[in-house]
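**Q** Predicted coordinates and the sequence they were generated for:
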Amino acid sequence: MNTDEHLANKFSDFFMRKFTTIKDDIDNHKSPISDAVGMSADIKFEGQPLTKHAPATQDEVPDIIIKSPSKSCELDPLPTYLLKEIMEYLLPLITAIL
């Protein structure tokens, strides 16, 4: 195998492993509620607990997304720059989740 082909295969293997890792991580993700049940902290919280909040509106959510930096982490299931491009389609869902 020539070095160009070997290098191309190494790149391919690297990215295929990365995609597989991200997909498996998303598939195996626990719900925030189940994660919170077993959570513990090293520092005791001494503030006022948040007991209620107002639901987000479809007017507030785009402002927050637009003001977010467009940088991303390799583990982000949806990069911020892409979210900004397709925000109008996901806005009702994101607002409902928030």
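**A** Nice, thanks for sending it over. Numbering: from 1, shown residues only.

**Q** Residue 91 is in contact with residue 83, correct?
**A** No. Applying C-beta atoms under 8 Å, one finds residue 83 not in contact with residue 91, separated by 10.3 Å. All C-beta spots, glycine's among them, are computed from the backbone N, C-alpha and C.

**Q** Domain-wise, how is this protein divided?
**A** Per automatic domain parsing, the structural domains of the chain span 1-32, 54-98.

**Q** Please identify the most buried of those domains.
**A** domain 54-98 (a mean of 11; mean count of other C-beta atoms under 10 Å).

**Q** Worst mean pLDDT across the helices and strands of the protein, which element?
**A** Sorting the helices and strands of the chain by mean pLDDT, DSSP states H and E puts helix 32-37 at the bottom, at a mean of 48.

**Q** Residue 44: which of the domains of the chain is closest?
**A** For these, proximity to residue 44 was assessed by C-beta to C-beta; domain 1-32 is nearest, at 21.6 Å.

**Q** Now find how far off-centre the closest one is within its chain.
**A** Centroid separation for domain 1-32 versus its chain: 18 Å, with C-alpha atoms, centre = their mean, to the nearest Å.

**Q** cool, and stretch 43-58?
**A** The answer for stretch 43-58 is 21 Å, by C-alpha atoms, centre = their mean.

**Q** What does residue 66 show for phi and psi?
**A** Backbone torsions for residue 66, taken as degrees, to the nearest 10, come to phi -60, psi -40.
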